[in-house]
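> here's my sequence, what's the structure:
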Amino acid sequence: MFTLLILGAPLMTNVPDQQAQGRSRLAPPGAHRRLAGAAPAASCGGAELVGKKWTEEMRAPLLSGGHREVRLLRVGQPRTMDLREDRLNVILDSAGQVIEITCG
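The predicted model follows:
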């Protein structure tokens, strides 16, 4: 058993893996994944807002389009994973620009 500990010791270091340093498990800023089952903006309305800076005046037309809730989310922000057909998700980048709109 002592021999196994000595042989395994080189494997237990705090030196970072040089190949892994260039990769990250987190998506880069600006990247995002759509929730499973969430429809893209083309089918839920609001696609014309993508690329524009978000203002609260944009909310009323979205609500009048049949959505009960408009949820603002920032890239990388934690969110609930419940899928609600009556909710519109507006994903904003760090500058407040709309980068994606999904249903759910």
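
> where exactly do the helices run in the chain?
Applying DSSP state H to the chain gives helices spanning 2-8, 18-21, 41-44, 59-64.

> looking at these, which has the lowest confidence?
Note on those: lowest mean pLDDT is at helix 18-21, with a mean of 50.

> sketch out the low-pLDDT regions of this protein for me.
When residues are selected by pLDDT under 70, those of the chain lie in 1-43.

> try 90
Judged against pLDDT under 90, the low-scoring parts of the chain cover residues 1-47, 62, 64-67, 76-86, 102-104.

> so where do the strands sit in it?
Remark: strands assigned in the chain by DSSP state E are 69-74, 87-92, 98-103.

> and for the first one, what's in contact with it?
Residues from elsewhere that reach strand 69-74, judged by Cβ atoms under 8 Å, 6 or more residues apart in numbering: 54, 59, 62-63, 79, 84, 86-94. Any C-beta I mention is one placed from the backbone N, CA and C, and that applies to glycine too.

> drop anything exposed from the residues you listed.
By neighbour count, with 16 or more other Cβ atoms under 10 Å, those hold 54, 59, 62, 87-93 as buried.

> for residue 58, see how far away residue 80 is.
Distance, residue 80 to residue 58, using Cβ to Cβ, to the nearest Å: 22 Å.

> tell me if I'm right that residue 101 and residue 92 touch.
No: Residue 101 is not in contact with residue 92 according to Cβ atoms under 8 Å; the separation is 10.3 Å.

> tell me which of residue 80 and residue 58 has more neighbours.
Counting neighbours by other Cβ atoms under 10 Å for residue 80 and for residue 58 shows that residue 58 has the greater number, 16 against 8.

> out of the strands of the chain, which comes closest to residue 49?
With Cβ to Cβ, the closest approach to residue 49 among those belongs to strand 98-103: 4.8 Å.
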